[in-house]
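J.: Take this sequence and fold it.
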Amino acid sequence: MFYESDEGGVFWLNTGTAEVERVADDVEAFNTLLREEVADEWLLPPLIEALIDAGKPCAEGECYTYVTLPIFVEGEYSVENLNPVSM
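T.: Numbering: from 1, shown residues only. Below you'll find the model as predicted:
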């Protein structure tokens, strides 16, 4: 999840590892970064494509959640470890 802080800056709350990282000074800088290769790390498009191909697309009002969080040794960024759920 990405959010803009009231104090300034755009932050990434990595819901898989429970880490928060400042990734940009403002929304404009964040949007510039999304057009670069870092978007693959943040948004994992190949994994999303694999989830859709595996019959796990998100419907409107859904997002993906982990079976086992990646913060744990058993948790992986894999099709088997993610499922769509209602937001």
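J.: How far does the lowest-mean-pLDDT helix or strand in the chain sit from its chain's centre?
T.: Lowest by mean pLDDT, DSSP states H and E among the helices and strands of the chain is helix 38-43, with a mean of 90. Relative to its chain's centre, helix 38-43 lies at 8 Å (Cα atoms, centre = their mean, to the nearest Å).
J.: following it, which helix or strand comes up?
T.: Counting by DSSP states H and E, the next helix or strand C-terminal to helix 38-43 is helix 45-53.
J.: Enumerate the positions of that following helix that are buried.
T.: Using 16 or more other Cβ atoms under 10 Å as the test for burial, helix 45-53 gives 47, 51. The way it works is simple: take the backbone N, C-alpha and C, and place the C-beta from them, glycine included.
J.: Contacts for it, please.
T.: Around helix 45-53, the neighbours that count as contacts under Cβ atoms under 8 Å, 6 or more residues apart in numbering are 39-40, 57, 64, 77-79, 82, 84.
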